[in-house]
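K.L.:
here is the input, now give the coordinates:
(one chain, ligands or ions: 3)
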Amino acid sequence: ADEDGHCTFTEGQGKELHLSSEPKYGGILIQGGIVVNADMQRQADVYINGGLIQAVGPDLKVPEGARVIDASGNFVMPGGIDPHTHLEMPFMGQEACDDFYSGQAAALAGGTTMHIDFALPSNGDLAQGFLDYEKKAAKSVMDYGFHMAVTTWNDKVAQDMEDLVKKGINSFKFFLAYKGALMVTDEQLLQGFLRCKQLGALPQIHGENGDAVALWQQKIFDDGITGPEGHALSRPSFLEGEATGRAIRLAHLVNVPLYVVHVMSKDALDEVARARQAGQHVIGEAVASGLALDESRMWDPVFDVAAKYVMSPPIRSKDHGDALQAALAGGVLQIVATDHAVFNSTQKAAGRNDFRVIPNGVNGIEERLHVVWHTMVNTGKMSPSEFVRATSTASAHAFNLYPRKGVLAPGSDADVIVLDPRAEHVISARTHHSRMDTNVYEGWKIQGKVEVTISQGRVVWENDTLHIQRGSGRFVRMEPFSPSLYEGIHKRDLLRQAEAKAHVV
Ligand SMILES: NC(=O)NCCC(=O)O
Ligand SMILES: [Zn+2]
Ligand SMILES: [Zn+2]
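P.N.:
Residues are numbered from 1 along each chain as shown. Ligands and ions are numbered 1, 2, ... in the order given. Predicted structure coming up:
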């Protein structure tokens, strides 16, 4: 990014010129790589044509004129799905500085070919919020979908939820934090859970006790702590555990599946683990920053350095990160997202004298795959297949996108990456594609690099160059009643009713 925060790569000007590296009729053959899906890896070719994967297998014979990409020695994997982003989000009096163009450009450069962004209601109005986000997303360059946040409760919200499900949204987020802004009460949360269940949608929660956080922020500030470390001190991990556990119990009451976004602490992790062990359908999401970073930088005496690590729930001490990594490796957490919500140094500076108004959020949409590969695969904690599951396939299952997304198989969308496990690179704000002027992974030396990204059947990232065209992105509908979540719910309801009747004398 340049000094003005604008990306230095050039956008496609002509129609076909930059849009496609796919020859018109021949398609693309990715030859001789190690094809990795969530369930297996094997030496194979992948043949792409018409935006879809046509064949996967050894020594494929393909039509004359196919473009051949030599992938020998490299991993060929489904493009990443990042199910937690906030592009162009109005938040804490600012607007996140990556829009649907720059944020998606960054995603593609890092091997992510679909993201699911959190649309926010406009003054509590979900329908209007969706329209606003549709407009913002018109400049998209890759596939995307939306979750919708529910920030209050009334008949219109219930009706809007139904209308949005018909439009292709199958998940709704409830914030238990951000008092006075996005936060809902327990009653509103329960109403929302009941509605999600009727509609076959997946409720998601941000687990932090917003009342306690607001009170403790005031106390810490009054005690004279005004810098970014006050952010960490005012949001202890047990407040994350409390809210996460509360939401899990309310979801159990309603018998609805639940998705816990950005699990950042052992406390919240324990709640997810306990519920899953008891057979409850709870999905736990880690984010790259929670796995790989630690809170120490929030105590940096230089405000600009410390402020860039401020997000909620906060990045915690290393023992929490280690526990999150183990939980991801062991399957207690299933998904790695980013929570990409970026505010540049000038925007972060709004909280120079008061940590409570530092806009919350860190980068990750471009770095996620590399950070997870580096942290989890290079250390032997996860296999390449487990990496694919956590960064792509599990999201495709949760949001009912599978097998269109999340797998390399005939008929699936041609969203494919080629990763060279030997190539080394260094993450830096000087070379990344986000509009952010800083990077929380600045200076990280990574072994393993996404050399090629194919999105919608087109080569969009190759030789460190993007080939993208504004407006080529597609809104991807996500249907309700995802079989992986909703198949058993009715049976469990009947069982509960039978058990309740058995107690009647
Ligand atoms: N996480 C964060 O700090 N910012 C984005 C909003 C949210 O997900 O809570
Ligand atoms: Zn959140
Ligand atoms: Zn978020």
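
K.L.:
CA atoms for contacts and neighbours, from now on please.
P.N.:
OK.

K.L.:
what are the boundaries of the helices in the stretch 401-505 of the chain?
P.N.:
483-486, 489-502 (DSSP state H, counting those that start in this stretch).

K.L.:
between these, which one is closest to ligand 1.
P.N.:
helix 483-486 (22.8 Å; C-alpha to the nearest ligand atom).

K.L.:
ok, now which ones touch Phe355?
P.N.:
Neighbouring residues of Phe355 by C-alpha atoms under 8 Å, 6 or more residues apart in numbering: Thr226, Gly227, Pro228, Glu229, Gly230, His231.

K.L.:
farthest pair within the residues you listed?
P.N.:
Using C-alpha to C-alpha, the contacts of Phe355 span at most 8.8 Å, a distance reached by Thr226 and His231.

K.L.:
out of the two, which sits in the more crowded spot?
P.N.:
His231 (29 against 18; other C-alpha atoms under 10 Å).

K.L.:
quick one: average pLDDT of the strand or helix carrying the more buried one?
P.N.:
Taking DSSP states H and E as the definition, one finds His231 inside helix 229-233. Averaged over helix 229-233, pLDDT sits at 98.

K.L.:
ok, and what's touching that helix?
P.N.:
So helix 229-233 is contacted by 217, 220-221, 295, 298-299, 306, 310, 314-316, 355-356 (C-alpha under 8 Å, 6+ apart).

K.L.:
can you check stretch 312-325 too?
P.N.:
207-208, 231-232, 235, 237, 240, 262-266, 269, 286, 289-296, 309, 333, 360-361, 376.

K.L.:
give me the buried entries from the residues you listed.
P.N.:
207-208, 231-232, 235, 237, 240, 262-266, 269, 286, 289-295, 309, 333, 360-361, 376 (16 or more other C-alpha atoms under 10 Å).

K.L.:
pretty sure Phe238 sits against Asp267.
P.N.:
Yes. Using C-alpha atoms under 8 Å, Phe238 makes contact with Asp267 at a distance of 5.8 Å.

K.L.:
more neighbours, those two?
P.N.:
Ranked by neighbour count (other C-alpha under 10 Å), Phe238 and Asp267 place Asp267 first, with 19 against 15.

K.L.:
which ones are touching the more buried one?
P.N.:
Ser237, Phe238, Glu240, Gly241, Glu242.

K.L.:
once you drop chain neighbours, what's closest to whatever residue of the stretch 151-300 of the chain ends up closest to ligand 1?
P.N.:
At 6.4 Å from ligand 1, His206 is the closest residue in the stretch 151-300 of the chain, using C-alpha to the nearest ligand atom. Distance criterion C-alpha to C-alpha, 6 or more residues apart in numbering; nearest residue to His206, sequence neighbours excluded, is Phe175 at 4.8 Å.

K.L.:
quick one on the thing from earlier: out of the contacts of Asp267, which comes closest to His115?
P.N.:
Closest approach between these and His115, by C-alpha to C-alpha: Glu240, at 25.2 Å.

K.L.:
which residues touch the helix or strand harbouring the closest one?
P.N.:
Following DSSP H and E, one finds Glu240 within helix 237-254. With C-alpha under 8 Å, 6+ apart as the test, helix 237-254 has contacts from 176, 190, 193-194, 205-209, 212-213, 257-258, 260, 265-272, 275, 280, 282, 313, 316.
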